[in-house]
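Peer 1: Turn this into a structure:
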Amino acid sequence: MKNLLFILLLLVITGAYGQQTKVENNVLYKSVSLPKDDARFLALKRTAQKYLPQFIDSLQKHGRDTEGYRFVVKSDFVEGSNHEHMWSEVIGYSNGIFRAIFIDSPFTLKNIKLGDKISINQADVEDWAVHDLRTKKITGEFSEKYLNTKQ
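Peer 2: Below is the predicted model:
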């Protein structure tokens, strides 16, 4: 009951600022609206691209160890004029293409859903993260702190 009240309070508070929120499978999802030319976000995307070879190296070394590591990338999904920047779990990589499973929850897009298998071009990666499940260390997530300040 406390959790439900907390979630409802959070929804009321964040809704007051025009931010979209929703709860699916007991997970709270929040959207962040940024202008297309947001200089800080674009700089963080360039940083993620700069260090993407580190992500790929780690994926090639540890990608089969699904109990020890989780590899995710953020990219832009488009449907008509709607854009949503969301996360997918990487299950493979070759020739500049990531094979992944969509793990996010779209607010407006209807052409993609949780669990869909997708391909993402290396050049389209906006952020990435390697979760070491044993040490709880996360590498990457270049834009997360910035986006959290916008919520």
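Peer 1: for this protein, longest strand please?
Peer 2: Criterion DSSP state E: the longest strand present in the chain is strand 82-94.
Peer 1: residue contacts, the residue positioned nearest the centre of the chain?
Peer 2: Taking Cα atoms, centre = their mean, the centroid of the chain lies closest to Trp87, which sits 2.8 Å from it. When contacts are counted by Cβ atoms under 8 Å, 6 or more residues apart in numbering, Trp87 touches 72-74, 103-104. All C-beta atoms are positioned from the backbone trio N, CA, C, and that covers glycine.
Peer 1: before we move on, what about Pro106?
Peer 2: If a contact means Cβ under 8 Å, 6+ apart, then Pro106 has 77, 84, 86, 112-113 as its contacts.
Peer 1: and if you look at Lys45?
Peer 2: By Cβ under 8 Å, 6+ apart, the contact list for Lys45 reads 126-127, 142-143.
Peer 1: Show me which pair in these is furthest apart.
Peer 2: Glu126 and Phe142 (8.9 Å; Cβ to Cβ).
Peer 1: which residues are common contacts for the two?
Peer 2: Listed contacts common to Glu126 and Phe142 are 45, 48; contacts here mean Cβ under 8 Å, 6+ apart.
Peer 1: Lowest-scoring secondary structure element of the chain by mean pLDDT?
Peer 2: Lowest on mean pLDDT, DSSP states H and E among the helices and strands of the chain sits helix 2-15, with a mean of 34.
Peer 1: about what we covered before: closest to Arg40 out of the contacts of Trp87?
Peer 2: Arg40 lies nearest to Lys74 out of the contacts of Trp87, by Cβ to Cβ, at 15.2 Å.
Peer 1: Double-check that the closest one belongs to a strand.
Peer 2: Yes - using DSSP: H, G, I helix; E, B strand; the rest coil, the assignment for Lys74 is a strand.
Peer 1: quick one: it and His85 touch, right?
Peer 2: Yes - assessed by Cβ atoms under 8 Å, Lys74 is found in contact with His85 at 5.8 Å.
Peer 1: What is the burial count for the nearest residue to Gly92 once chain neighbours are set aside?
Peer 2: Of all residues not flanking Gly92 in the chain, Arg99 sits nearest, at 4.0 Å (Cβ to Cβ, 6 or more residues apart in numbering). When neighbours are defined as other Cβ atoms under 10 Å, Arg99 has 14 of them.
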